[in-house]
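> I would like the atomic coordinates for the input below:
(one chain, ligands or ions: 1)
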Amino acid sequence: MTVTDEVRSPARASGQPLLEASGVTMQFGGLLAVNDVNLSVHEGEILGLIGPNGAGKTTFFNCLTGLYKPTRGQVRFNGVPLAPKPRAVVEAGMARTFQNIRLFANMTALENVMVGRYCRTSSMALTSILHGPKYRKEEAATRARAQELLDFVGLGRSSEHLARNMPYGDQRRLEIARALATDPKLILLDEPTAGMNPLETRQASDLIFKIRDSGLSVVVIEHDMRFIFGLCDRVLCLVRGETLVEGTPIEVQSDSRVIEAYIGTGESDDEDAGQDTPAGGDEEGKS
Ligand SMILES: Nc1ncnc2c1ncn2[C@@H]1O[C@H](COP(=O)(O)OP(=O)(O)OP(=O)(O)O)[C@@H](O)[C@H]1O
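Residues are numbered from 1 along each chain as shown. A predicted model of the protein is given here:
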């Protein structure tokens, strides 16, 4: 099955990037959290965003998805300047997940995905209150689509489980299903494997490939270098809010500046340093 309908977009027709950020800068008081960052993501591409803690990755995501209005710079989606408002961003075709899981804990998996779907349904509040035929038809379609998305992410049998009772890895999948419910052309994932065991991480990688194969573009923030270098077509490394290096996984993982940036922060002190330093990555699992 495909996640989105086959639509030939203006971006593909013109060869221009689907998502294009130019000169994006975000200043908090005296702190330049993101400084003049450029990014382009083409259709069907998986782009990785890496960098030591505090490099500005999430702040940059927040600028791309309308949570923050950048101090300077512009974000264009499908060739059109994007208003820095979350609703406008979702309507344009971008969805995201968050570093910290933000599910409705006391709702079922199905209901969580249905909530994500509501931005694409048209029933007005009054119609919903009156439960007219249009509402009932849309509700049935929303439910069916939500179930389809749960099947897609491998949670088809958990639809009636309360989110709070689901294993951690499943909650992360559920977040992705909810983001997909908005029918995005591009999905941004903020540390999708944080806290996952190796099996869950491999499954997350497979799911992201599946999402890409269904026609979406993906931007992913991760600290797990093996995961990033095995997954992405291109990788951008941010350090202190600025682009340090951008290139293919092979180029980035062998760049001494990237290795230095990580070693300099002490992030490589873990026992399993291969997971967390660029040189520890490999091409395993890349397709
Ligand atoms: N709302 C805010 N107000 C002030 N400073 C902020 C705000 N959000 C982030 N920062 C600061 O901006 C810098 C970049 O933070 P950000 O969370 O974007 O980094 P990151 O690369 O995502 O880090 P991590 O990998 O640890 O999640 C940090 O110094 C952080 O303290």
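
> and the helices in the stretch 101-250 of the chain?
109-117, 125-130, 133-152, 168-180, 198-213, 225-231, 249-253 (DSSP state H, counting those that start in this stretch).

> check which residues of the fifth one are buried.
Going by neighbour count (16 or more other Cβ atoms under 10 Å), the buried part of helix 198-213 is 200-205, 207-209, 211-212. In short, each C-beta sits where N, CA and C put it, glycine included.

> ok, back up a step: mean pLDDT for the helices of the stretch 101-250 of the chain: which is lowest?
Within the helices of the stretch 101-250 of the chain, confidence is poorest for helix 125-130, with a mean of 54 (mean pLDDT).

> verify the contact between Gly156 and Gln147 for me.
Yes. Taking Cβ atoms under 8 Å as the definition, Gly156 is a contact partner of Gln147 at 7.1 Å.

> mind checking which of the helices of the stretch 101-250 of the chain is nearest the ligand?
helix 225-231 (12.7 Å; Cβ to the nearest ligand atom).

> of Gly156 and Gln147, who's got more company?
Gln147 (18 against 13; other Cβ atoms under 10 Å).

> OK, contacts around that one?
110, 156, 159 (Cβ atoms under 8 Å, 6 or more residues apart in numbering).

> three-state assignment of Thr25?
Three-state assignment for Thr25 (DSSP: H, G, I helix; E, B strand; the rest coil): strand.

> with the ligand as the reference, measure out to Phe104.
Phe104 sits 24 Å away from the ligand, going by Cβ to the nearest ligand atom, to the nearest Å.

> do Val218 as well
From Val218 over to the ligand the distance is 17 Å, taken as Cβ to the nearest ligand atom.

> same list (the buried residues of helix 198-213) but as CSV, adding distance to the ligand.
Shown next, in CSV, are the buried residues of helix 198-213 (distance: Cβ to the nearest ligand atom, whole Å):
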residue, distance to the ligand
Glu200, 20
Thr201, 17
Arg202, 22
Gln203, 23
Ala204, 17
Ser205, 19
Leu207, 22
Ile208, 19
Phe209, 24
Ile211, 22
Arg212, 23
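
> of the helices of the stretch 101-250 of the chain, which is nearest Gln16?
helix 198-213 (19.2 Å; Cβ to Cβ).

> domains of the protein?
For the chain, automatic domain parsing gives the domain ranges 1-93+185-287, 103-183.

> the last one: how far from the chain's middle?
To tie it back to what came earlier, the one meant is domain 103-183. Taking Cα atoms, centre = their mean, to the nearest Å, one finds domain 103-183 lying 18 Å from the centre of the chain it belongs to.

> hmm, Arg145 is touching Leu110, no?
No. At 10.5 Å, Arg145 and Leu110 do not qualify as touching, with contact defined as Cβ under 8 Å.

> tell me the contacts of the closest residue to Arg240 other than its chain neighbours?
Closest residue in space to Arg240, ignoring its immediate chain neighbours: Ala55 at 6.6 Å, by Cβ to Cβ, 6 or more residues apart in numbering. By Cβ under 8 Å, 6+ apart, the contact set of Ala55 is 238-241.

> of the residues you listed - the most surrounded one?
Ranked by neighbour count under the definition other Cβ under 10 Å, these are headed by Leu238 with 27 neighbours.

> count of neighbours near the spatially closest residue to it that is not a sequence neighbour?
Take Leu238 and drop its neighbours on the chain: the residue closest to it by Cβ to Cβ, 6+ apart is Gly51, 3.8 Å away. Other residues near Gly51 come to 24 when the count uses other Cβ under 10 Å.

> many thanks, I have nothing further to ask.
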